[in-house]
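Engineer: Dropping the sequence and predicted coords here.
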Amino acid sequence: MEGQMMVVFSLCLIGMWGTSEAVTGIFDCDSNGYQYKSCCTGVRGISASVMTKRSRSSCDAGYSFAVNGCSLWVNHGCRARFYVNFNCRNVKTSNADCSSRNYKYAECPVGGVITSINVAKKHSRSSCDFNKSFGFLANKIWVDDGCRATFTVQYCADRKCSC
Ligand SMILES: *[C@@H]1O[C@H](CO)[C@@H](O)[C@H](O)[C@H]1NC(C)=O
């Protein structure tokens, strides 16, 4: 009886805390007019760093940006694309199509914050170059410059953290 209780208890612990994996998502957040802005990421962030700065104003960790629970905030004119590190219990892999028609920018959402991407099969004559004509942002695949393909994405299927 006690042994059974222990087994049930252990299974519950595994179910509740399971194994979580450290992963990284990508998010945009802009401090317009030098104002504070909070951007909901939907994941409980651990830390953030600048991927690409768009503003002339600097982006200094702790002063002009930081993660706070399910959000990323910016201030003092920092406008950038950020890497946000977070833990995910339920990392999933699936395939999704995304097409840049008439060489236009397009976005294709998937079921959670994307953490990595690969081209499974290219359908266009135009090339699909990571960071140049395709990539990912939050829960979306993006394509540009005529890249059309089936992508394999890894994303976090955990329940969305509300903000
Ligand atoms: C993609 O762009 C980011 C930001 O410019 C850079 O840090 C990263 O190394 C690039 N990755 C590749 C594979 O080019």
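Structural biologist: Structure received.
Engineer: For the closest residue in space to residue 91 that isn't next to it in sequence, give the beta-bridge partners.
Structural biologist: The spatially closest residue to residue 91, leaving aside those adjacent along the chain, is residue 21, at 5.5 Å (C-beta to C-beta, 6 or more residues apart in numbering). Heads up, the C-betas are built off the backbone N, CA and C, glycines and all. Per DSSP bridges, the residues bridged to residue 21 are residue 88.
Engineer: What of residue 121?
Structural biologist: residue 150.
Engineer: thinking again about what came up before, per-residue confidence at the residue nearest to residue 91?
Structural biologist: For residue 21, the pLDDT comes out at 94.
Engineer: pLDDT wise, what is the closest residue to residue 23 other than its chain neighbours at?
Structural biologist: Using C-beta to C-beta, 6+ apart and skipping residues adjacent in sequence, the residue nearest residue 23 is residue 115, 4.1 Å away. Note on residue 115: pLDDT of 98.
Engineer: measure residue 69 to residue 50 for me?
Structural biologist: 20 Å (C-beta to C-beta, to the nearest Å).
Engineer: Looking only at neighbour counts, state which of those two leads.
Structural biologist: residue 50 (17 against 14; other C-beta atoms under 10 Å).
Engineer: Can you give me the neighbour number for the residue of the chain found nearest the ligand?
Structural biologist: Across the chain, no residue is closer to the ligand than residue 131, which sits at 3.7 Å (C-beta to the nearest ligand atom). Residue 131: 8 surrounding residues under other C-beta under 10 Å.
Engineer: Please apply the same query to residue 52.
Structural biologist: Neighbour count for residue 52, taken as other C-beta under 10 Å: 12.
Engineer: how many neighbours does the closest residue to it other than its chain neighbours have?
Structural biologist: Nearest residue to residue 52 in three dimensions, chain neighbours excluded: residue 81, at 4.5 Å (C-beta to C-beta, 6+ apart). Using other C-beta under 10 Å, residue 81 has 16 neighbouring residues.
Engineer: how about the strands in the protein?
Structural biologist: In the chain, the strands defined using DSSP state E lie at 21-30, 37-40, 45-53, 65-68, 71-74, 79-88, 91-99, 106-109, 113-122, 134-137, 140-143, 148-156.
Engineer: List the buried residues in stretch 92-104.
Structural biologist: Neighbour-count burial for stretch 92-104 flags 96, 98, 100 (criterion: 16 or more other C-beta atoms under 10 Å).
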